[in-house]
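1. Following is a predicted model, sequence given first.
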Amino acid sequence: MVTQTELAVGIVLPIVGGFLNSVWNLPGNVATSDMIRVVRRPAEESGWCWEHFWMVNQGVSIVLNLAYILPHLGVDNLHHAIVSSSSSGLAAIIVASFTWGFGTIGFGLALRLVGIGLGTALCMSVIVIMGVVWGFIFGGGVPTGAAGALILTGVVVAIIGFGMLGRAVHLREVGRTRRSETSGESKQEHGSGQEMSCASTNLGIDMKEVDESMKFVVVEPSSPNFPASSKSAFAAEGGGEAERRPEEPRRRTLSPLQSVGFCMVAGIFASSLQLAFVIGDSLTQQLLALGISKLFAQDAIWLFAFCLAGVVNCSYAGFLITRKQNWAEFVRPDERLLISWRNSILSGIAFSCHIHLYGAAAKLLGTLGPVIAWPVLMCCTMTFGQLWGFFLREFRPDDDGRRINALGTAVLCMAIVMTSSAAAV
């Protein structure tokens with residue numbers, strides 16, 4: 001039986017976690033303020049790229065969780081629990097952790113694709129839906145009575161909200177394309193994601209310049225984008241070759257439907273971590289039998305998740321850095337070097353903390369924890385993410401889809417109320 005105090009704390013914790021989950025990606029956004037931003041803007045000739053931020057963020061999460069979890073669980077207790085757990089449960093934890101790693105990468109790329117507000121909401125709405133579905137399929141079925149009805153209704157409402165947000169992406173991009181064709185401008189000048197759409201109105205960044213930074217470009221000496229210092233050196237050497245700037249890989253432009261589909265796939269992969277808690281609960285039970293508190297027993301699963309997913313994420317970031325041959329940016333003297341390290345480390349801390357807040361809440365809420373704390377965390381993440389999208393002006397005043405985006409967020413708030421209410425029934 002869940003007490004009123006446990007119920008209150010179990011709902012407050014994932015709300016705070018949702019806030020942290022919405023802010024840890026902000027340093028990787030070129031449109032944020034200089035105090036927060038880590039990645040370099042197109043006009044800057046040096047500095048970190050997204051993959052530098054991503055590697056530090058994920059590396060911090062690995063180190064932080066090892067330092068936090070191992071001492072209070074104990075190496076001997078953890079070893080005994082692993083040896084005593086079922087092989088199927090351990091396999092589920094390992095597979096789900098690797099899959100979550102790919103989902104985390106997809107989430108980060110989705111935010112770059114459609115913006116922080118819409119990207120967060122689209123991915124998290126899928127995670128909410130699939131997190132409940134995994135709990136129903138592998139956790140003993142749908143709860144009966146009023147609790148089951150509220151949860152199922154909340155899932156349906158979340159699906160409606162996802163559809164509305166997808167429609168907002170479509171309206172925004174179609175409207176921009178139409179205006180571009182009318183004015184004779186290139187669609188690339190308007191962009192389609194956070195790094196294109198929000199930067200111009202908020203920070204005065206030229207849209208074409210932002211878009212060009214996302215691709216391999218060949219800059220001729222006569223081009224206005226060719227650095228003045230390079231022009232003089234070019235003239236002095238009598239060069240006849242163009243300069244190649246491989247700051248970012250070439251990105252294909254996705255249609256609105258493809259962008260929404262990408263967010264859906266990322267959300268499905270990310271939601272698979274729920275399986276680790278549902279199927280792999282034998283590891284938690286072994287730790288409980290050894291006298292570990294229920295507030296900390298599930299941290300053994302998070303240890304697997306953060307370490308294995310972190311390996312996936314760091315490997316991907318390392319691949320991008322190696323391909324661009326810019327490992328030196330980690331130590332290159334630059335006025336923003338310390339800011340980049342500081343904010344990336346803080347981002348990794350926020351990423352880790354929001355997860356542990358969810359895990360504690362899931363245990364406090366009892367048997368309904370896995371299908372309650374997860375939606376609360378994700379829906380709050382969506383709400384706060386939309387706030388950051390608003391402040392970053394990811395929707396311009398003349399953009400279509402602003403109203404349906406706001407309505408879609410409101411619908412998702414209805415979903416959180418419905419699913420959360422089931423814990424008190």
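-> Here it is on my side, so go on. Numbering: from 1, shown residues only.
2. Now do the helices for the stretch 151-300 of the chain: every range, in order, please.
-> Under the criterion DSSP state H, counting those that start in this stretch, the stretch 151-300 of the chain carries helices at the ranges 194-203, 207-212, 228-237, 256-271, 273-279, 281-289, 299-324.
3. got the contact list for the fourth one?
-> Contacts of helix 256-271 with the rest of the structure, by C-beta atoms under 8 Å, 6 or more residues apart in numbering, involve 99-100, 102-104, 106-107, 109-110, 113-114, 119, 122-127, 129-131, 134, 162, 166, 169-170, 172-174, 192, 254. Quick note: C-beta positions are derived from backbone N, CA and C, even for glycine.
4. what residue ranges in the stretch 301-425 of the chain score low on pLDDT?
-> The stretch 301-425 of the chain contains residues with pLDDT under 70 at 367-371, 420, 422-425.
5. run the last query once more with 90
-> Within the stretch 301-425 of the chain, the set of residues satisfying pLDDT under 90 comprises 301-302, 332-336, 354-383, 385-387, 389-403, 406, 408-425.
6. what residue ranges in the stretch 151-300 of the chain score low on pLDDT?
-> Within the stretch 151-300 of the chain, the stretches with pLDDT under 90 are 151-158, 161-162, 169-170, 172-259, 270-282, 284-285, 288-289, 291-300.
7. Mind checking what secondary structure P397 has?
-> The local conformation at P397, judged by DSSP: H, G, I helix; E, B strand; the rest coil, is coil.
8. Look up how far F306 lies from it.
-> Separation of P397 from F306 (C-beta to C-beta, to the nearest Å) stands at 41 Å.
9. and if you look at S84?
-> Taking C-beta to C-beta as the measure, S84 falls 22 Å from F306.
10. Looking at the two, which is more packed in?
-> Set side by side, S84 and F306 show more neighbours around F306, with 27 against 14, by other C-beta atoms under 10 Å.
11. Nearest residue to the more buried one in space, ignoring adjacent ones along the chain?
-> With sequence-adjacent residues excluded and distances taken as C-beta to C-beta, 6 or more residues apart in numbering, F306 is closest to N65, at 4.2 Å.
12. Same check on G166?
-> Excluding its sequence neighbours, the residue lying closest to G166 (C-beta to C-beta, 6+ apart) is V260, at 4.2 Å.
13. what's the answer for M55, then?
-> By the measure of C-beta to C-beta, 6+ apart, the closest residue to M55 outside its immediate chain neighbours is A317, 3.8 Å from it.
14. in the stretch 51-200 of the chain, which spans are strands?
-> Secondary structure of the stretch 51-200 of the chain (DSSP state E, counting those that start in this stretch): no strands located.
15. Quick check: the residue nearest to M55 touching W54?
-> Yes. Look at A317 against W54 with C-beta atoms under 8 Å: they come within range, at 4.5 Å.
16. For those two, indicate the residue with more neighbours.
-> When A317 and W54 are compared on other C-beta under 10 Å, the one with more neighbours turns out to be W54, at 29 against 23.
17. Quick check: the more buried one touching F319?
-> No. Judged on C-beta under 8 Å, W54 makes no contact with F319 at a distance of 11.1 Å.
18. Identify the residues contacting P27.
-> Contact analysis of P27 by C-beta under 8 Å, 6+ apart lists 36-39, 53, 343-344, 346-347.
19. Give me the subset of those residues that lies in strands.
-> The members of the contacts of P27 all map outside strands under DSSP state E.
20. is it possible to export these to JSON lines including distance to D334 and neighbour count?
-> Written out in JSON lines, the entries for these read as follows (distance: C-beta to C-beta, whole Å; neighbours: other C-beta atoms under 10 Å):
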{"residue": "I36", "distance to D334": "17", "neighbour count": "16"}
{"residue": "R37", "distance to D334": "13", "neighbour count": "23"}
{"residue": "V38", "distance to D334": "12", "neighbour count": "27"}
{"residue": "V39", "distance to D334": "13", "neighbour count": "25"}
{"residue": "F53", "distance to D334": "14", "neighbour count": "25"}
{"residue": "N343", "distance to D334": "14", "neighbour count": "23"}
{"residue": "S344", "distance to D334": "14", "neighbour count": "24"}
{"residue": "L346", "distance to D334": "19", "neighbour count": "16"}
{"residue": "S347", "distance to D334": "18", "neighbour count": "26"}
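21. what two of those residues are the furthest from one another?
-> Spatial extent of the contacts of P27 (C-beta to C-beta) is set by the pair V39 and L346 at 15.0 Å.
22. Now stretch 29-45: average pLDDT?
-> When pLDDT is averaged over stretch 29-45, the result is 86.
23. Show me which positions of that stretch end up buried.
-> By neighbour count, with 16 or more other C-beta atoms under 10 Å as the criterion, the buried positions of stretch 29-45 are 29-32, 36-42.
24. How far does it stretch from one end to the other?
-> Counting by C-alpha to C-alpha, to the nearest Å, you get 17 Å between the two ends of stretch 29-45.
25. Where does V30 sit: helix, strand or coil?
-> Following three-state DSSP, V30 is assigned to coil.
26. Next, it: phi, psi?
-> V30 adopts backbone torsions of phi -70, psi -20, taken as degrees, to the nearest 10.
27. ok so, going back, of the buried residues of stretch 29-45, which pair is most distant in space?
-> The two members of these with the most space between them (C-beta to C-beta) are I36 and P42, at 17.9 Å.
28. need the contacts of P27 in CSV with distance to S61, can you?
-> As requested, these are arranged in CSV below (distance: C-beta to C-beta, whole Å):
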residue, distance to S61
I36, 19
R37, 20
V38, 16
V39, 18
F53, 13
N343, 15
S344, 11
L346, 12
S347, 9
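29. Cool, thanks, signing off.
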